[in-house]
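Participant: sequence and predicted structure, then a few things I'm wondering about:
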Amino acid sequence: MAGKVGFIGLGAMGGPMALNLVKAGFKLVVHDIDQTKTAPLRAKGAELAGTAEAVAAEVERTIVIVETTDQAQAVIAGERGIIKGAKPGHIVLCMATIDPFAARTLADQLAAQGIAMLDAPVSGGTGRAQSGDLSVIVGGDAAVFAKCEDLFKPMGSRSFHVGPLGSGLAMKLVNNMLVQVNTVAVAEAMVLGVKAGLDPQMIYDVVRVSTGASAAWELRVPRILSGDFEPGGTIDISYKDQELETAFAKRLGVPLLLANVTQQVYQMARAKGLNKQDGSAIVKVFEQMAGVTVKKGS
């Protein structure tokens, strides 16, 4: 589909995703409640709109990537939301990680006005957002998905149409749950090994080519070793996603033992003031309890 594209939410993920669309030749109309975040896009020629309603009035497709379900509801269906400015035939791509049931309600509200919606959360963190190497996980009508594949390609190296609306979010929550549970296991393992007298670099080198290897191991341990806890995704955001996972499971009648237990570890990290640090900082909870430091060379 030709024409300008709306983009709402220019944070740690949305900002680089929007820049990759500009690099691919798309003309954007952007909005963020923090106008300082619009500056890099405006410097690249993007137009600025003061509300989500104003964005939708100028385009045929609008991407939304905000932080919470409440924010998504306000941006999409609120008083100055997309629903107020979009014309029939408009497509909303909700790329935020929100409650799947809430997403279905939003889609129904939009459909009543002749507006289509996809849930299209992404996985990969800020580094892959910058490189355009995200996974885009999409739920919704297949024909609508086909109309948006040109947008997914500059932002992600792979896109998956996984089922009807809400399925993309369900898949994202499954994936996030695995990473969060594994992150706690990684932190425990590193602290145990160091407490036992093992060299932390050696622990990393051995495990990464052995049966304990995982994506979380490769993602978290190098940060732990270097002491780099600048967020690729904050502990607060992971905790928010855990709330979505456990609430979703309750609605479906599914027990989640490890997800609930590890959520409390994330809450312990938040109580320690680690809210805005990378998920790798979970290790600090166990370091304090065990009386060791894992950082390489410490």
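Facilitator: Great, that's in hand. Numbering: from 1, shown residues only.

Participant: surely Val29 forms part of a strand?
Facilitator: Yes. Residue assignment for Val29, taken from DSSP: H, G, I helix; E, B strand; the rest coil, places it within a strand.

Participant: mind listing the strands for the stretch 101-250 of the chain?
Facilitator: Under the criterion DSSP state E, counting those that start in this stretch, the stretch 101-250 of the chain carries strands at the ranges 116-119, 122-123, 134-139, 156-163.

Participant: ok, which stretches of this structure are helices?
Facilitator: Listed in chain order, the helices found in the chain under DSSP state H are 14-23, 39-43, 52-58, 69-77, 82-85, 100-111, 125-131, 142-155, 167-195, 200-207, 215-226, 235-252, 257-271, 283-290.

Participant: what's the average pLDDT for the fifth one?
Facilitator: Per-region confidence: helix 82-85 scores 98 on mean pLDDT.

Participant: also the first one?
Facilitator: For helix 14-23, the per-residue pLDDT values average out at 97.

Participant: quick one: end-to-end length of stretch 71-85, please.
Facilitator: When the termini of stretch 71-85 are compared using C-alpha to C-alpha, to the nearest Å, they are 17 Å apart.

Participant: give me the pLDDT value at the residue in the chain sticking out farthest from the centre.
Facilitator: Most distant residue from the mean C-alpha position of the chain: Gly197, 36.6 Å away (C-alpha atoms, centre = their mean). At Gly197 the predicted local distance difference test score is 97.

Participant: how much space between it and Val292?
Facilitator: 10 Å (C-beta to C-beta, to the nearest Å). C-betas here are computed from N, CA, C, even on glycine.

Participant: do Thr246 as well
Facilitator: When C-beta to C-beta is applied, the distance between Thr246 and Val292 equals 31 Å.

Participant: Val285 against Gln267, yeah?
Facilitator: No. Shown here, Val285 and Gln267 do not form a contact pair, counting by C-beta atoms under 8 Å, at 9.9 Å.

Participant: please say which of the two ends up with more neighbours.
Facilitator: When Val285 is set against Gln267 and neighbours are counted by other C-beta atoms under 10 Å, the residue ahead is Val285, at 21 against 14.

Participant: distance to Gly3 for the helices of the chain - can I get that in a markdown table?
Facilitator: Formatted as a markdown table, the helices of the chain follow (distance: least, C-beta to C-beta, whole Å):
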| stretch | distance to Gly3 |
| --- | --- |
| helix 14-23 | 13 |
| helix 39-43 | 17 |
| helix 52-58 | 9 |
| helix 69-77 | 20 |
| helix 82-85 | 15 |
| helix 100-111 | 19 |
| helix 125-131 | 24 |
| helix 142-155 | 11 |
| helix 167-195 | 24 |
| helix 200-207 | 48 |
| helix 215-226 | 37 |
| helix 235-252 | 32 |
| helix 257-271 | 41 |
| helix 283-290 | 47 |
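
Participant: comparing those by mean pLDDT, which bottoms out?
Facilitator: By mean pLDDT, the lowest-scoring of the helices of the chain turns out to be helix 125-131, with a mean of 92.

Participant: report all helices and strands that it contacts.
Facilitator: helix 14-23 (3 or more C-beta pairs under 8 Å, 6 or more residues apart in numbering; DSSP states H and E).

Participant: and the helix it packs on, what's buried?
Facilitator: By neighbour count with 16 or more other C-beta atoms under 10 Å, helix 14-23 contains the buried residues 14-22.

Participant: next: stretch 260-274.
Facilitator: By neighbour count on 16+ other C-beta under 10 Å, the buried set for stretch 260-274 is 262-263, 265-266, 268-270, 274.

Participant: so can I have CSV of the residues you listed showing distance to Met155?
Facilitator: As requested, these are exported to CSV (distance: C-beta to C-beta, whole Å):
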residue, distance to Met155
Thr262, 29
Gln263, 29
Val265, 31
Tyr266, 27
Met268, 34
Ala269, 30
Arg270, 30
Leu274, 29
